[in-house]
Every structure is written in structure tokens, then in C-alpha cells.
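K.L.:
quick check, what structure comes out for this input:
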Amino acid sequence: MNIHPLPPSALKGEGMTSQRARDRLAATLKESGIQDARVIDVIRNLPRHHFIDQALHSRAYENTALPIGHGQTISQPWVVARMTEALLEFGMPQKVLEIGTGSGYQAAVLSALVPQVYTVERIEELLRQARRRFRQLGITNLRSRYDDGKLGWPDEGPFDAVILTAAGDAIPHAILDQMTPAGVLVAPVGSPSSQTLIRMRGDGQGDFVQEELGPVSFVPLLGGIG
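P.N.:
Modelled structure (predicted):
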């Protein structure tokens with residue numbers, strides 16, 4: 001299948017997808033407590049409407065989650081910004097693993113900030129669409145894999161940082177085992193009715209220090225492939 005780059009007009013957007021709409025979103029994120037200017041700038045410049053169905057383009061720069069099919073969503077921009085900010089707060093990771101590619105938006109945000117991104121998705125059709133978007137945007141420092149996200153990506157570990165975009169009762173041990181001793185992990189944890197965003201930081205000796213970053217709402221972390 002031929003992949004055609006997006007024309008400049010598609011990147012720039014118009015009306016509800018224009019730069020003015022993106023600037024308003026960036027301002028909302030800053031007012032809502034996001035402090036990392038690098039993260040805000042990436043979200044301001046990345047065409048979020050490119051990651052959702054055209055019928056929803058008019059809502060692309062609202063600070064809300066939106067459906068992407070297969071029972072999945074593209075996360076609220078504030079949540080994407082907060083998770084990314086939390087991942088980068090203590091230094092720039094060189095190699096990041098994402099579990100749950102979804103639309104590809106979170107991975108694209110990360111790719112603009114860190115040297116290498118690896119992302120795993122269990123729903124083949126979502127990954128196919130995300131890969132097309134990555135190619136159209138010219139993203140070259142990102143690798144993707146169709147597999148059970150609970151297994152991580154052992155062949156490419158260890159990773160300096162890990163981000164999960166779906167919530168389970170606990171972080172799978174296989175993923176923790178693929179982190180560097182001083183690695184950072186950001187993920188939602190809990191049941192569908194009560195989830196908390198957590199950050200785990202390796203102490204360099206094999207143990208992790210965990211902190212809670214606030215309530216969130218994500219789709220469930222499922223095993224297998226679909």
C-alpha cells in the first residue's frame with residue numbers, strides 16, 4: 001500500500017482544526033496545571049485531528065477523550081500532557097516503551113520529545129491506521145508492534161521509561177522486568193470505576209518508589225490480541 005504524505009493544508013488545518021484552535025487548547029493545558037513548555041509546544045503543533053475520524057474533526061482540539069473505534073478512545077489532551085510531563089520530569093529518557101498504541105497520538109507526542117519510541121498494540125486494525133499516520137507525518141524514530149501489550153517488548157528492552165494507556169489492577173511483572181534499574185513508569189491503575197494515575201521510579205537497586213498523580217479514567221488493559 002502506498003503511503004502519501006499529508007499536504008501542508010492538512011497539517012495546518014482550518015476552522016475548528018486551525019492553529020487558533022490548537023493555541024486555545026495549549027492555553028487550556030497551561031491554565032489546567034501543565035508546566036512543561038516542551039510538552040505544551042508539541043501538543044500545540046501536532047495535528048490531533050489527523051488521529052481521529054473526519055466526522056469528529058470539529059472536536060479535535062477540545063480537551064476531551066474521543067472514540068476511535070473498537071471500544072477505544074484517543075485520550076483527553078490534558079491526560080496525554082500530564083502523563084508525558086510526568087515521564088520527563090526527572091530527565092530525558094532515551095528509549096520509551098508505550099503499551100497501547102491506539103490512535104497513535106500519545107506515541108507521536110513522545111516521538112517529538114525523546115530519541116526512540118517503541119509502541120505495542122493488540123488490535124491489528126488500530127495499529128494499521130496508526131502506522132499510516134506515523135508515515136504520513138514523517139515520524140522515523142518510532143517502531144510499532146502487533147502483540148499482547150502485557151508482554152511488553154522484551155527483544156528491545158531494557159527501557160528507560162514506560163507509559164501505559166490502559167488501566168489494569170496492577171502493572172504486569174513482564175513490563176517491570178524490561179525497565180532499566182532507574183527507569184520511570186507512568187500508568188493508570190485500578191478498576192473501571194476507580195482508577196489512579198501512578199508513577200513508579202526505579203531506585204537503581206531493583207526496587208520501585210510509587211506515587212499517585214490523581215484520578216483518571218482509561219479503557220481496561222487487556223491481554224491477547226484482537
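
K.L.:
can you count the residues close to Gln205?
P.N.:
By the measure other CB atoms under 10 Å, the count of residues near Gln205 is 7. All C-beta spots, glycine's among them, are computed from the backbone N, C-alpha and C.

K.L.:
next one, pLDDT for it please.
P.N.:
Looking at Gln205, its pLDDT is 83.

K.L.:
my guess is it contacts Ala182, does it?
P.N.:
No: checked against CB atoms under 8 Å, the pair Gln205 and Ala182 is beyond contact range at 9.3 Å.

K.L.:
which residue packs closest to Glu211, ignoring adjacent ones?
P.N.:
Arg199 (5.3 Å; CB to CB, 6 or more residues apart in numbering).

K.L.:
for Gln35, which three-state class applies?
P.N.:
coil (DSSP: H, G, I helix; E, B strand; the rest coil).

K.L.:
show me the contacts for the residue nearest to it when sequence neighbours are not counted.
P.N.:
Among residues not flanking Gln35 along the chain, Glu85 sits closest, at 6.9 Å (CB to CB, 6+ apart). Listed by CB atoms under 8 Å, 6 or more residues apart in numbering, the contact partners of Glu85 are Ile34, Gln35, Asp36, Val39.

K.L.:
ok, of the residues you listed, which come out buried?
P.N.:
With neighbours counted by 16 or more other CB atoms under 10 Å, the contacts of Glu85 contain buried members at Ile34, Asp36, Val39.

K.L.:
and the gap between the last one and His70?
P.N.:
Right, Val39. 27 Å (CB to CB, to the nearest Å).

K.L.:
I figured Arg133 was touching His50, is that so?
P.N.:
Yes: the pair Arg133 / His50 is scored as a contact, 6.0 Å apart, by CB under 8 Å.

K.L.:
what residues does Ala174 make contact with?
P.N.:
If you count contacts by CB under 8 Å, 6+ apart, Ala174 has them with Lys150, Leu151, Gly152, Pro154.

K.L.:
give the next helix or strand downstream of the biggest strand by length in the chain.
P.N.:
As assigned by DSSP state E, the longest strand anywhere in the chain is strand 179-191. Where DSSP states H and E defines the elements, the next helix or strand beyond strand 179-191 is strand 194-202.

K.L.:
contacts for that next one?
P.N.:
79, 82-83, 86, 90, 167, 171, 176, 179-190, 208-218.

K.L.:
one more pass at 10 Å, please.
P.N.:
Identification of contacts with strand 194-202 by CB atoms under 10 Å, 6 or more residues apart in numbering yields 79, 82-83, 86-87, 89-90, 160, 162, 164, 167-168, 171, 176, 179-190, 207-218, 220.
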